[in-house]
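Participant: Sequence first, then the predicted structure:
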Amino acid sequence: MIKKIEHIGIAVKNLENSNALFQKLFGKEHYKVEAVESEGVSTSFFMLGETKIELLEATNSNSAIAKFIDKKGEGIHHIAYEVDDIDFEMNRLRNEGFEVLNAQPKDGADNKKVCFLHPRSTNGVLVELCQEKH
Ligand code: ZN
C-alpha cells in the first residue's frame, strides 16, 4: 500500500546556500545532513508536519543529481511515497507495466529502503518508493 508523500526531493547546486534559503522559507532548521556515497549525493532534510523536504547536492560529476542539474537546472527532482512493503509494491508496479529502476530495494538516506520508477513510465516525474528500515 502507498501510504503518503514521505518527502519531495529538490536538486540544488550548493547545499549550504540552499539550507540557509530553505531555513528562511520554513522558519526552521534542517534536522539532518547525510551523505549517500553510493549515489554521489549529500542530502539535508527539513520536517514539515508529516512530510519532509530533501535537498540533494551532487558530490561528483557522475551523480544523477549533477546530470539532472546540467539538463534541467535546480528544481524538483523526485517525489517519494512511503510504502508499507517495498518488495510487494515493486512487484505490483512491475506487473502494472511501470519501469522499476532497481532489481532490489537499496539503502537510501534517512534510514530507508528505496527504489525508483523511471520518469518515462510516470508522466515525467521520477518516483521514489521508500520504506522505513526496522
Ligand atoms: Zn528521496
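Facilitator: Everything's here; your move. Residues are numbered from 1 along each chain as shown.

Participant: and this structure, which residues reach the ion?
Facilitator: Selection of the chain residues close to the ion by Cβ under 5 Å from the ion yields 9, 54, 80, 128. All C-beta atoms are positioned from the backbone trio N, CA, C, and that covers glycine.

Participant: How about the secondary structure of the closest residue in space to the third one that isn't next to it in sequence?
Facilitator: If I follow you right, that is residue 80. Computed as Cβ to Cβ, 6 or more residues apart in numbering, the closest residue to residue 80 that is not its neighbour in sequence is residue 128, at 3.9 Å. When classified by DSSP: H, G, I helix; E, B strand; the rest coil, residue 128 comes out as strand.

Participant: thinking again about what came up before, just the residues of the chain next to the ion now: which is nearest residue 63?
Facilitator: residue 9 (13.0 Å; Cβ to Cβ).

Participant: The closest one contacts residue 81, doesn't it?
Facilitator: No: the criterion here is Cβ atoms under 8 Å, and residue 9 misses it with residue 81 at 11.8 Å.
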